[in-house]
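K.L.:
here is a sequence with its predicted model. Questions after.
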Amino acid sequence: MKMKLQRWALACLAVLASGGVTLVALMEMGQMARTKAQGQGDASARLPTIEEYQPKSTLVTAEHKPERAKYPFVDIHSHHWNPTAEHVEELVKEMDTINLRVLVNLSGGTGESLKKTLAVMKGRYPNRFVVFANLSYDDLNKPGYGKRAAARLEQDVRNGAQGLKIFKNYGMDLKHANGERVHVDDPEFDPVWEKCAELKIPVLIHIAEPSAFFDPWDYHNERWEELREFPQRARPPAKYPPFETLMAERNRMFAKHPRTNFIAAHLAFHGNDLERLGKLFDSHPNVYVDIAAVLAELGRQPYSAHDFLIKYQDRVLMGKDIYDVNEYKWYFRALETRDEYFEYYRKRHAFWRIYGFQVPDEVLKKIYYENALKLVPGLEQQWRTGGY
Ligand SMILES: [Zn+2]
């Protein structure tokens, strides 16, 4: 060992002694290598683009990749517009492979189209599906809209809808005839929220977007890639209210309708600030959230996510959003294991890797189905009839 060190030191001294000549020779060699690389079109000659740089992790650590959920679960957040019988058959087969017991289709529509969706889903598999109604805004500008919308919803629920879904245009793109944006807490909609309380159905509501979409699209924006891929997702101040304005309107609406249960989609867009979400829960007992499409937020803070889910275990529901049977396994892995530093399934949402935050079985069951059974009328019976 000592010998080797001495030799190494001597070699260094030799290099120093030979002075500039060696240095120049080395620089020339480097230049030659670069020229050769460029000549071959080798990407190493320039900096890689953000897409090109895909380092492979060398980390070796325990891996668990559940293909099926540990317990049967409800997906509270899925979209299937005007599904066909064939789609439903295929869906049930796929659901069985991952232990997805009940799927909630939030895109039921209203009136006749809702009836069709109910027939094709619940008509064929009464225990496997739940369908939420949506509002029609067609007559928004005729006086008495709110009461009419509430009456239509009542009929939709009579027809079999088990909840109401509000899409993200509400509060952002939905406008009155005079051009004024419909505010989230617009009193015109009060009869709708009150009707939901009366019918004991939850409102799954998507308000705003990730806060980064409201920020300047610059190299400090952590959703830069997504905004480049989908520039229309940006929410510039010239066209949209600030994120905080939407949050304030939303919270006033939650407070004004304490008997109505709201499921704020996508961790209420506070997945990057769980303390804030906790405060929202503390001050609004009628508010719940789903984890659809925001798993990467929890997965980048496994300690905080774990503690948060234990503290607020009665308020969080499993959901996926865009349906793809092959993508649920990331949710299982994050919720059920302590695996570390694994790739997420949608890079535009997260350029970072995620970590499992394994919650205890009792909490897992609440997130997977128990909380949904409490919130959605009729679901508990579907669940039990199905043999669970
Ligand atoms: Zn959705």
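P.N.:
Now that the structure is in, tell me what you want to look at.

K.L.:
and V157, what does it touch?
P.N.:
Going by C-beta atoms under 8 Å, 6 or more residues apart in numbering, V157 touches A133, L199, I201. For every residue, glycine as well, the C-beta is placed using N, CA and C.

K.L.:
tell me if it really is in a strand.
P.N.:
No: the assignment for V157 (DSSP: H, G, I helix; E, B strand; the rest coil) gives helix, which keeps it out of a strand.

K.L.:
endpoints of stretch 173-190, how far apart?
P.N.:
This stretch, stretch 173-190, spans 19 Å end to end (C-alpha to C-alpha, to the nearest Å).

K.L.:
just send the contacts of V157 back as JSON lines, with secondary structure and neighbour count too.
P.N.:
Formatted as JSON lines, these follow (DSSP: H, G, I helix; E, B strand; the rest coil; neighbours: other C-beta atoms under 10 Å):
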{"residue": "A133", "secondary structure": "strand", "neighbour count": "28"}
{"residue": "L199", "secondary structure": "helix", "neighbour count": "20"}
{"residue": "I201", "secondary structure": "coil", "neighbour count": "25"}
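
K.L.:
can you list those in JSON lines and add pLDDT and distance to R315?
P.N.:
Listed next are the contacts of V157 as JSON lines, based on pLDDT from 0 to 100; distance: C-beta to C-beta, whole Å:
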{"residue": "A133", "pLDDT": "99", "distance to R315": "23"}
{"residue": "L199", "pLDDT": "98", "distance to R315": "21"}
{"residue": "I201", "pLDDT": "98", "distance to R315": "18"}
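
K.L.:
okay, strands next: where are they in the chain?
P.N.:
In the chain, the segments counted as strands under DSSP state E are 73-78, 100-105, 129-131, 164-166, 203-205, 262-264, 287-290, 316-317.

K.L.:
nearest to V60, of the ones you listed?
P.N.:
Nearest to V60, of all the strands of the chain, is strand 73-78, at 31.0 Å by C-beta to C-beta.

K.L.:
now the closest one: average pLDDT?
P.N.:
Averaged over strand 73-78, pLDDT sits at 98.

K.L.:
and it, what does it pack against?
P.N.:
Applying 3 or more C-beta pairs under 8 Å, 6 or more residues apart in numbering; DSSP states H and E, one finds that strand 73-78 contacts strand 100-105, strand 316-317, helix 371-375.

K.L.:
go with 10 Å
P.N.:
helix 85-98, strand 100-105, strand 129-131, strand 287-290, strand 316-317, helix 328-336, helix 371-375, helix 379-385 (3 or more C-beta pairs under 10 Å, 6 or more residues apart in numbering; DSSP states H and E).
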